[in-house]
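Asker: model this:
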Amino acid sequence: MNDYSDGLLPQNDTHRKIIHIDMDAFYAAVEIRDHPELKNKAVVIGQDPRNNNGHGVVATCNYVARQFGVHSAMASAKALRLVPQEKLKFLNPDFAKYRQVSLAIHQMMAELTDTIQSIALDEAYLDVSQNKLGATSSVQLAIDLQARIRKEVGLNCSFGATYNKFLAKMGSEYSKPLGRTVILPSEAKSFLARQKIANFHGIGPKTQARLAELGVYTGGDLQKMHVRQLIDQFNRAGYMMAAHANGIDLSRVVPDNERNRKSIGIERTYEPCVYDEQVALTNIRNYALDLSEKLQNREFFANTIVLKIRNNDFETVTKRHKLDHATNASTEIYEAARALFDPLATQFLNVGIRLLGVTATDFSEADFENITLDLFTD
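Answerer: Here you go, the predicted structure:
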């Protein structure tokens with residue numbers, strides 16, 4: 001611990017064995033696996049704007065597309081401008097297929113431990129401190145799992161193996177694709193000191209800008225900040241920054257069967273405010289894609305969609321729509337949210353939209369009777 005903690009940070013726990021698995025460009029990789037002729041193409045998962053009145057959002061893309069500057073949540077029309085036409089291939093997402101691949105991968109994880117926290121179809125934490133194989137090396141477990149996924153599913157993943165969730169996620173992102181990052185307790189602070197602040201999960205562009213004003217650009221700079229100063233500047237977020245910069249994260253891996261949520265929502269505050277209807281609709285469409293993925297990952301179907309909107313005068317309206325049937329499809333979530341948005345659009349856009357959010361709630365679980373049971377181990 002540095003001299004700037006003033007006793008405010010907790011005692012670190014370095015005894016756990018945590019692995020973070022992150023599939024490499026998952027949706028695009030599944031499509032390229034099934035269509036090898038796309039291997040050298042810039043594959044973008046999302047609606048082709050040429051067939052959709054110029055609309056659409058990039059759900060994800062392969063590494064070829066990323067070399068041209070394409071990234072998730074980008075407007076598809078911009079991707080169209082960045083990539084040469086002969087190199088570019090748009091594909092609509094096939095979440096049913098991605099979900100089945102994800103289930104196969106999760107089955108492999110479940111053979112190692114029951115303590116699995118899924119973050120998305122392509123990402124999960126595993127606590128292998130006590131594992132089903134009786135293995136003492138979390139690194140070897142991660143290497144074996146990575147190799148098995150590649151052999152049996154035909155896809156690459158990256159992993160971070162260390163003693164807490166924050167470091168494990170940072171590790172899996174450190175050397176993609178097909179990355180292997182091991183962070184020992186004795187190396188954690190020096191590893192973090194070398195990282196740019198933008199690589200710290202949970203520190204967004206606005207906070208990065210504020211930190212830059214304080215002369216903080218790297219984890220090492222953050223380690224030199226007094227915890228009290230960070231708390232004064234950023235409240236609870238400042239405390240978390242200080243803890244993470246010192247390699248401390250005491251949050252546990254919460255097994256999926258313990259994470260009983262009544263709703264899943266996404267909302268964002270805009271500065272400057274949004275005045276363009278197409279920008280608002282693009283964000284709603286992006287939220288729908290994200291919510292669909294989260295619902296499918298948890299085998300949930302939403303019966304109700306909620307729209308939350310706030311204008312520049314801080315007038316806030318929340319509207320709910322009960323669906324005719326439960327769904328986890330992004331198109332249906334989007335259409336329900338848009339139906340709630342349309343009557344409010346003119347009123348709120350004239351003043352400027354400061355906040356926009358979409359929530360899925362009133363869940364039903366999937367009916368597993370029609371799903372092949374050998375996909376599951378528990």
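Asker: where exactly do the strands run in the stretch 1-150 of the chain?
Answerer: 18-23, 42-45, 60-61, 88-91, 116-120, 123-127 (DSSP state E, counting those that start in this stretch).
Asker: nearest to Asp290, of the ones you listed?
Answerer: Among the strands of the stretch 1-150 of the chain, strand 116-120 comes nearest to Asp290, with 8.8 Å by CB to CB. Where you see a C-beta, it was placed from the backbone N, CA and C, and this is true even at glycine.
Asker: between that closest one and strand 123-127, how big is the angle?
Answerer: 170 degrees (axes from the mean of the first three to the mean of the last three CA atoms, to 10 degrees).
Asker: for strand 116-120, which strands pair with it and how are they oriented?
Answerer: The strands that strand 116-120 pairs with in its sheet are strand 123-127 (antiparallel) (by DSSP bridges).
Asker: just how off-centre is the strand it pairs with within its chain?
Answerer: Taking CA atoms, centre = their mean, to the nearest Å, one finds the center of strand 123-127 at 13 Å from the center of the full chain.
Asker: residues in contact with it?
Answerer: Applying CB atoms under 8 Å, 6 or more residues apart in numbering, the external contacts of strand 123-127 come out as 16-23, 106, 109, 112-113, 115-119, 165, 168-169, 252-253.
Asker: now swap in stretch 166-175 and tell me
Answerer: For stretch 166-175, contacts defined as CB under 8 Å, 6+ apart pick out 18-22, 125, 158-162, 179, 181-183, 188, 191-192, 195, 199-201, 244, 247, 249, 251.
Asker: buried ones only from these, please, as a PyMOL command.
Answerer: Written as a PyMOL command, the selection of buried residues from those, which uses 16 or more other CB atoms under 10 Å, is:
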select buried, resi 18+19+20+21+22+125+158+159+160+161+162+179+181+183+188+191+192+195+200+244+247+249
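Asker: on that earlier part again, mean pLDDT added to the strands of the stretch 1-150 of the chain, as a markdown table?
Answerer: Putting the strands of the stretch 1-150 of the chain into a markdown table (pLDDT from 0 to 100) gives the following:
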| stretch | mean pLDDT |
| --- | --- |
| strand 18-23 | 98 |
| strand 42-45 | 96 |
| strand 60-61 | 92 |
| strand 88-91 | 96 |
| strand 116-120 | 90 |
| strand 123-127 | 96 |
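Asker: make TSV from those strands and add distance to Leu323 to it.
Answerer: Rendered in TSV, the data for the strands of the stretch 1-150 of the chain read as follows (distance: least, CB to CB, whole Å):
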stretch	distance to Leu323
strand 18-23	30
strand 42-45	25
strand 60-61	26
strand 88-91	27
strand 116-120	23
strand 123-127	28
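Asker: burial of Asn286, as a residue count?
Answerer: For Asn286, the number of neighbouring residues by other CB atoms under 10 Å comes to 24.
Asker: any weak-confidence spans in this protein?
Answerer: Within the chain, the stretches falling below the threshold (pLDDT under 70) are 1-6, 258-261, 365-378.
Asker: tell me where it has helices.
Answerer: Listed in chain order, the helices found in the chain under DSSP state H are 26-34, 63-67, 76-82, 95-110, 138-153, 165-174, 188-193, 205-213, 219-223, 227-234, 236-245, 277-297, 330-351.
Asker: what's the closest of these to Ile266?
Answerer: helix 277-297 (4.6 Å).
Asker: so which bits of the closest one are buried?
Answerer: When neighbours are counted by 16+ other CB under 10 Å, the buried residues of helix 277-297 are found to be 280-297.
Asker: packing partners of that helix?
Answerer: Using 3 or more CB pairs under 8 Å, 6 or more residues apart in numbering; DSSP states H and E as the contact test, the elements touching helix 277-297 are helix 95-110, strand 116-120, strand 263-274, strand 300-311, helix 330-351, strand 353-365.
Asker: between these, which one is nearest to Val30?
Answerer: helix 95-110 (5.6 Å).
Asker: ok now the closest one, how far from the chain's centre?
Answerer: With CA atoms, centre = their mean as the basis, helix 95-110 stands 17 Å off its chain's centre.
Asker: what of stretch 292-309?
Answerer: Put simply, stretch 292-309 sits 15 Å off its chain's centre (CA atoms, centre = their mean).
Asker: what is the end-to-end distance of that stretch?
Answerer: Across stretch 292-309, the terminal residues are separated by 20 Å (CA to CA, to the nearest Å).
Asker: over to stretch 143-161?
Answerer: Its first and final residues considered, stretch 143-161 spans 10 Å by CA to CA.
Asker: same check, this time on stretch 203-223
Answerer: Between the opening and closing residues of stretch 203-223 lies a distance of 15 Å (CA to CA).
Asker: quick one on the thing from earlier: tell me which of the helices of the chain sits most buried.
Answerer: Ranked by average neighbour count under the criterion mean count of other CB atoms under 10 Å, these are headed by helix 165-174 at a mean of 23.
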